[in-house]
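Q: pasting a predicted model and its sequence here:
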Amino acid sequence: MIADNTNLLTPEPYSFLGYLCNMLKSTLLKATNAAGLLIKERINSKFSISVKDGPNDLVTEVDKASEALIMGIIREEFPDHFILSEEIGEVKMDSNYKWIIDPIDGTINFANGIPLCCVSIGLEKNGQMIMGAVYNAMMNEFFFTEKGQGAYLNDQKLRVSEKDNVRHSCLVTGFPYVYLDMENGPLEVFGRLIREGVPVRRLGSAAIDLCWVAAGRLDGFYEHKLMPWDSAAGYLMVEEAGGKVTDFNGDAYSPYQHRIVATNGKIHDELIRWIHNTHQ
């Protein structure tokens, strides 16, 4: 699934640290793969759907089954690790490691049989993202990244695009379930771009959006309101593919704040100016 050269660095061939790193990677890949295959099996089948905070903020029984499967695999190897997951929230533990889980990113797509949905799992150590995996099994696309070791799609190393002008770029965004009535809000920024002929896509999965920026298919992504599980794995994917990720002010990005700009780096500052309407 993943090329040999994505193996974690082992400081010493038989050190405990090296063994732990390999166990973390193995568990991440196993959990992401298992949940992705479950989603692939259940898409277009019958399943129950309920509503969370709004009429289109959905959760399905498959979201919950995927989450339980992922957590079971993690707990088997690392029962003392902190977990943050979309459906159950925080499972707090006194640990340096935190697993950030989106059991189905793109639930509306999944619920409607649209094959743009995925499993996304990020792994933090001491507050720093160290690994991430995103798997859209319907398209046979398994993305993996490790801090300092690059980002991969299946066995191919990823590299962001070379576009250097927003007007010539292909962008992607998303919209919150409840509209944010604010200056330079989601519709205003979207309208500003498309009125100038800039193609802006809306795929319905932030994790896939970020991975496709990392893969060079898209040149930039911005969104006004994300949760940690939406971006935890994907933002590291972009950075490790040579891109840049910040908040709307150009400051260092954290998945615990809502606003994100992720680009190939070459259009980054310009895209931020478009968002703030200072690009003229």
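A: Right, received. Where do you want to start?
Q: in terms of pLDDT, where does the residue nearest to Asn56 when sequence neighbours are not counted sit?
A: Nearest residue to Asn56, sequence neighbours excluded (Cβ to Cβ, 6 or more residues apart in numbering): Tyr177, at 5.7 Å. The way it works is simple: take the backbone N, C-alpha and C, and place the C-beta from them, glycine included. Per-residue confidence (pLDDT) for Tyr177: 79.
Q: part of a strand, is Tyr177?
A: No: counting by DSSP: H, G, I helix; E, B strand; the rest coil, Tyr177 falls outside a strand, being coil.
Q: distance-wise, check Asp269 relative to Lys163.
A: 14 Å (Cβ to Cβ, to the nearest Å).
Q: which of those two has more neighbours?
A: Neighbours were counted for Asp269 and for Lys163 using other Cβ atoms under 10 Å; Lys163 has more, 19 against 15.
Q: check contacts around that one.
A: Lys163 is in contact with 169-170, 219, 264, 266-267, counting by Cβ atoms under 8 Å, 6 or more residues apart in numbering.
Q: and it, that one's in a helix?
A: No: counting by three-state DSSP, Lys163 is not part of a helix but coil.
Q: heads up, I number from 12, so please use that
A: Yep, numbering from 12; the last one is Lys174 now.
Q: residue contacts, Ile81?
A: Applying Cβ under 8 Å, 6+ apart, the residues near Ile81 are 42-43, 45-46, 96, 112, 114, 130, 132.
Q: change it to 6 Å
A: Listed by Cβ atoms under 6 Å, 6 or more residues apart in numbering, the contact set of Ile81 reads 42, 46, 112.
Q: just the strands in the stretch 162-291 of the chain please.
A: Ranges of strands in the stretch 162-291 of the chain, per DSSP state E, counting those that start in this stretch, are 167-168, 182-184, 211-212, 231-234, 255-257, 271-274.
Q: dig out what Trp110 forms beta bridges with.
A: Ile94, Leu134 (DSSP bridges).
Q: thought it was touching Phe93?
A: No: applying Cβ atoms under 6 Å, one finds Trp110 not in contact with Phe93, separated by 7.2 Å.
Q: the two: who's more crowded?
A: Trp110 (27 against 17).
Q: what pLDDT does the model give the more buried one?
A: 98.
Q: and what of Asn260?
A: 97.
Q: hang on, the earlier thing: just put the contacts of Lys174 in JSON lines and tack on pLDDT and neighbour count.
A: Shown next, in JSON lines, are these (pLDDT from 0 to 100; neighbours: other Cβ atoms under 10 Å):
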{"residue": "Ser180", "pLDDT": "98", "neighbour count": "22"}
{"residue": "Cys181", "pLDDT": "98", "neighbour count": "16"}
{"residue": "Asp230", "pLDDT": "98", "neighbour count": "29"}
{"residue": "Asn275", "pLDDT": "98", "neighbour count": "25"}
{"residue": "Lys277", "pLDDT": "98", "neighbour count": "20"}
{"residue": "Ile278", "pLDDT": "98", "neighbour count": "23"}
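Q: widest-spaced pair of those residues?
A: Cys181 and Lys277 (13.4 Å; Cβ to Cβ).
Q: show me where pLDDT drops low in the stretch 62-211 of the chain?
A: Where the stretch 62-211 of the chain drops to pLDDT under 70, the residues are 65-66.
Q: and the helices in this protein?
A: Ranges of helices in the chain, per DSSP state H, are 27-53, 72-88, 118-122, 197-205, 217-225, 239-251, 279-287.
Q: out of those helices, nearest to Phe154?
A: Proximity to Phe154, assessed across the helices of the chain by Cβ to Cβ, is greatest for helix 217-225 (4.6 Å).
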